[in-house]
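Undergrad: Please work out how this folds:
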Amino acid sequence: MNKKTLSSLFVLFAIVSMGITAAPSAFAEHSMNATVENADGSSVPGCEPDCFIPATVTIGVGGQVTFANNDTAAHTSTAGTPADGPSGAWDSSLVMTGQSYTTGPLEEGEYPYFCMVHPWMEGMVIVEAEGESHDDHGHDETKEDHGDDDHGEMEMQTLTAADISIDIADGAKAGERVAIDVTIGGSHVNYDIVATQNGETILDESGVHSHTGEGQHITSALSADASDDSPIDVTVTFQGFGMVGEEMTGPVGLTNTAQAVPEFGTIAALILVVAISSIIALSAKSRLSFMPRI
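TA: Numbers count the residues shown, from 1 in each chain. Below is the predicted model of the structure:
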């Protein structure tokens, strides 16, 4: 074999190796469950294509979708299309304002859905197997190897309460929905999240699964401004490292909490006002200058 042929083979092996290494990055990441809301005013045309928010969601096999009606009119969530009618996968019937409907566990596939009362409202639920992506369904062998490697790493992961990060925006007003970002150190994490305000549950999701340890959740509309007297309290409970349906590892039951209050609390504002007033009074009385001399 001459040197030119040998060099060509090395180049070919390098290209193949790069393709194999890059393949896992195309795998889809999704939660087991999702929540979809009716857009405000979606009972009249004009909301298309976002009459459902979000209009398209991706979940894992066996996951469920909750349809929450925060609009002022009743709606349905019916699997199928306006042209072909219901497919039979699910049908919520009428969901009244402030109520919700949750599908049963869904099998792998794509599920278009619509509102039978308002047929311009359409959406899509995509159910994927773990590690599978839309763009590439042909890497089963690579996917299985990748999953085994991740699982081996999961068993060695440790966790403390400090590794559970909860990020929630301050200063939310009544009627607004609040985004809560959760980050847990590790991969293939499972957790529950609950948020309350004034004793009212505004978010309750169980069995959340994240490949990367990150997740975002949206509360229902607040009944009052977030304040010192009406804070938003969030609790995240870790349920273990592992794939859904397998034995979990790690400190199951470990929790961390967070609280959202005004962007600049009233107590802090009062302290600042008093401090500034005191400085002004002291400066006037003593004729002292707090500015450095040049």
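Undergrad: how near is S206 to G63?
TA: Taking CB to CB, to the nearest Å as the measure, S206 falls 12 Å from G63. (C-beta placed from N, C-alpha, C; glycine too.)
Undergrad: and these two? which has more neighbours close in?
TA: Remark: of S206 and G63, G63 carries more neighbours, 22 against 13, as counted by other CB atoms under 10 Å.
Undergrad: May I have the residues that are in contact with that one?
TA: Listed by CB atoms under 8 Å, 6 or more residues apart in numbering, the contact set of G63 reads 31-34, 105-106, 127.
Undergrad: Pick out the most distant pair among these.
TA: Maximum pairwise distance among the contacts of G63 (CB to CB): 13.9 Å, between S31 and P105.
Undergrad: From the neighbour counts alone, determine which of those two ranks first.
TA: S31 (20 against 12).
Undergrad: three-state assignment of the closest residue to T81 other than its chain neighbours?
TA: Leaving out its chain neighbours, the residue that sits closest to T81 by CB to CB, 6 or more residues apart in numbering is P112, at 5.2 Å. Local secondary structure at P112 is given as strand here, using DSSP: H, G, I helix; E, B strand; the rest coil.
Undergrad: Name whatever forms a beta bridge with P112.
TA: M124 (DSSP bridges).
Undergrad: Now, of the contacts of G63, which are buried?
TA: Neighbour-count burial within those applies to 31-34, 106, 127; the criterion is 16 or more other CB atoms under 10 Å.
Undergrad: which one of those sits closest to A258?
TA: For the buried ones among the contacts of G63, the nearest to A258 is S31 (19.8 Å; CB to CB).
Undergrad: Closest one to M121 out of the contacts of G63, please.
TA: Distance to M121 across the contacts of G63 (CB to CB) is lowest for A34, with 16.9 Å.
Undergrad: how about that closest one, what does it touch?
TA: Applying CB under 8 Å, 6+ apart, the residues near A34 are 57-59, 63, 65-66, 125.
Undergrad: So which of those sit within strands?
TA: In this view, these that belong to strands under DSSP state E are 57-59, 65-66, 125.
Undergrad: Tell me which two in those residues are the farthest apart.
TA: Between any two of the ones in strands among the contacts of A34, the greatest separation by CB to CB is 14.8 Å, found for T58 and T66.
Undergrad: okay but G213 is in contact with S187, surely?
TA: Yes. G213 is within contact range of S187, at 5.9 Å (criterion: CB atoms under 8 Å).
Undergrad: Give me the more crowded residue out of these two.
TA: Set G213 next to S187 and count neighbours by other CB under 10 Å: G213 wins out with 20 against 15.
Undergrad: can you give me the strands in the stretch 151-294 of the chain?
TA: 164-168, 179-184, 189-197, 200-210, 214-218, 232-241, 255-260 (DSSP state E, counting those that start in this stretch).
Undergrad: Next, format those as a markdown table and append mean pLDDT and distance to S77.
TA: Converted to a markdown table, the strands of the stretch 151-294 of the chain look like this (pLDDT from 0 to 100; distance: least, CB to CB, whole Å):
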| stretch | mean pLDDT | distance to S77 |
| --- | --- | --- |
| strand 164-168 | 90 | 28 |
| strand 179-184 | 91 | 23 |
| strand 189-197 | 92 | 23 |
| strand 200-210 | 89 | 18 |
| strand 214-218 | 87 | 17 |
| strand 232-241 | 92 | 27 |
| strand 255-260 | 87 | 30 |
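Undergrad: Can you check which of those strands gets nearest to P45?
TA: strand 214-218 (25.0 Å).
Undergrad: and the helix or strand where A89 lies, average pLDDT?
TA: Assigned by DSSP states H and E, A89 falls within strand 85-91. What strand 85-91 shows for mean pLDDT is 93.
Undergrad: Check which helices and strands whichever helix or strand comes after that strand is in contact with.
TA: Heading C-terminal from strand 85-91, the first helix or strand you meet, by DSSP H and E, is strand 100-102. For strand 100-102, the elements it packs on are strand 65-68, judged by 3 or more CB pairs under 8 Å, 6 or more residues apart in numbering; DSSP states H and E.
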